[in-house]
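Participant: Could you work out the structure for the sequence below:
(one chain, ligands or ions: 1)
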Amino acid sequence: MSPTRTAIVTGAARGIGATTARRLASDGYAVAVVDLDEAASEAVAATIRDAGGSAIGVGIDVGDAEQVAAGVARVADELGAPVVLVNNAGIIRDNLLFKMTEDDWDAVMTVHLRGAFLMTKACQAHMTETKFGRIVNLSSSSAQGNRGQANYSAAKAGLQGFTKTLAIELGRFGVTANAVAPGFIQTDMTAATAERIGVSFEDFIEHSAKQIPVGRVGQPEDIAATISFLCSEEAGFVSGQVIYVAGGPLD
Ligand code: NAP
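Facilitator: Now for the predicted structure:
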């Protein structure tokens, strides 16, 4: 892959995002590690540079239009036009519907939907000009409905519609858009879910693995590998798809 292309991964200070940032760097991309906390982003970027890659850490709240515009401009300036965007930043504010607050609803919509919208709008200008682009949005198996996650499942289902529309609008510019929908992945997010329902993370993992056809929970590397393929040159005819990466069939 030449010349060096620039990728942005949001929510990349930890979990799936950090692993994806490292994976795209090893695939040859210059990577902007984006997260709320610039110091935490920069720490991940430093590990990429130590491994011989090219990366910077950038603090952006993806729900804030001004921060998105300034942050994406900085990435273009320091690393080059971003032609790969992984909208991975995410939060959960789980509660049964009758206890869910308006703030729980709005916070989840802001990060997942408004965040993906703002970041994609800022980056597509670079992609359409370059006539190459890869957009990957993180959906979830929860898009099919999950107790205690009315806000999150609505946002993750919304991202699937967003993805398909991007694929339709941007295809003619050499830009693909796909969604990856993980099942249970072992990260801080699933650890927080275990805490909320009052079981140890170890027991939660063991119980969940028994429900998954491949007999284990997922790791961030499982998601990073799928994103890596979708961002590759050879995936140019795969667009508008939702790929469940869940250790078994979901549709
Ligand atoms: P995680 O460990 O909680 O990491 C999420 C990251 O996003 C955190 O670093 C967080 O920063 C950052 N973030 C939150 N709000 C942000 C904002 N407004 N702007 C920029 N960054 C922000 O989560 P994960 O498990 O890696 O999940 C990554 C993505 O995969 C999410 O979209 C999630 O919904 C999705 N997913 C995960 C699973 C799973 O089983 N883990 C399953 C399906 C889908 P702070 O640390 O500062 O909050």
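
Participant: contacts, neighbours, all on C-alpha from now
Facilitator: OK.

Participant: three-state assignment of G57?
Facilitator: For G57, the assignment made with DSSP: H, G, I helix; E, B strand; the rest coil gives strand.

Participant: Revised request: answer the last question for A45.
Facilitator: Assignment for A45 (three-state DSSP): helix.

Participant: ok, longest helix in the chain?
Facilitator: helix 150-170 (DSSP state H).

Participant: any idea which helix or strand comes after it?
Facilitator: Next helix or strand after helix 150-170 toward the C-terminus (DSSP states H and E): strand 175-182.

Participant: What lies in contact with that next one?
Facilitator: 127-128, 131-141, 159-160, 163-164, 166-167, 170, 223, 226-227, 230, 236-246 (C-alpha atoms under 8 Å, 6 or more residues apart in numbering).

Participant: dump the residue contacts of the nearest residue to T187 once chain neighbours are set aside.
Facilitator: Spatial nearest neighbour of T187, chain neighbours left out: G15 (5.4 Å); criterion: C-alpha to C-alpha, 6 or more residues apart in numbering. Residues in contact with G15, defined by C-alpha under 8 Å, 6+ apart, are T187, D188, P220.

Participant: Which stretches in this structure count as strands?
Facilitator: 6-10, 30-35, 55-59, 82-87, 133-138, 175-182, 242-245 (DSSP state E).

Participant: Please work out which of those strands is packed deepest.
Facilitator: strand 30-35 (a mean of 30; mean count of other C-alpha atoms under 10 Å).

Participant: Give me the contacts around stretch 128-140.
Facilitator: The contact list for stretch 128-140, computed with C-alpha under 8 Å, 6+ apart, reads 83-88, 116, 120, 124, 127, 153, 156-157, 159-160, 163, 170, 173-183, 227, 230-231, 244.

Participant: what does stretch 46-64 give?
Facilitator: 10, 22, 25-26, 28-45, 67-68, 71, 75, 79, 89, 110-111, 114-116, 118-119.

Participant: give me the number of residues near T193?
Facilitator: By other C-alpha atoms under 10 Å, the residues close to T193 number 17.

Participant: This protein - how does it break down into domains?
Facilitator: 6-183+219-244, 189-217 (the TED database).

Participant: Can you say which of those is nearest to the ligand?
Facilitator: When the domains of the chain are compared for distance to the ligand using C-alpha to the nearest ligand atom, the nearest one is domain 6-183+219-244, at 3.3 Å.

Participant: Just give me how far that closest one sits from the chain centre.
Facilitator: 3 Å (C-alpha atoms, centre = their mean, to the nearest Å).

Participant: Can you check the distance spanned by it, start to finish?
Facilitator: Terminal residues of domain 6-183+219-244 are spaced 26 Å apart (C-alpha to C-alpha, to the nearest Å).

Participant: doesn't N87 make contact with C123?
Facilitator: No - when contacts are counted by C-alpha atoms under 8 Å, C123 is not listed as touching N87 (11.0 Å).

Participant: how about the residues of the stretch 51-200 of the chain that lie near the ligand?
Facilitator: 60-63, 88-91, 111, 138-140, 182-190 (C-alpha under 6 Å from any ligand atom).
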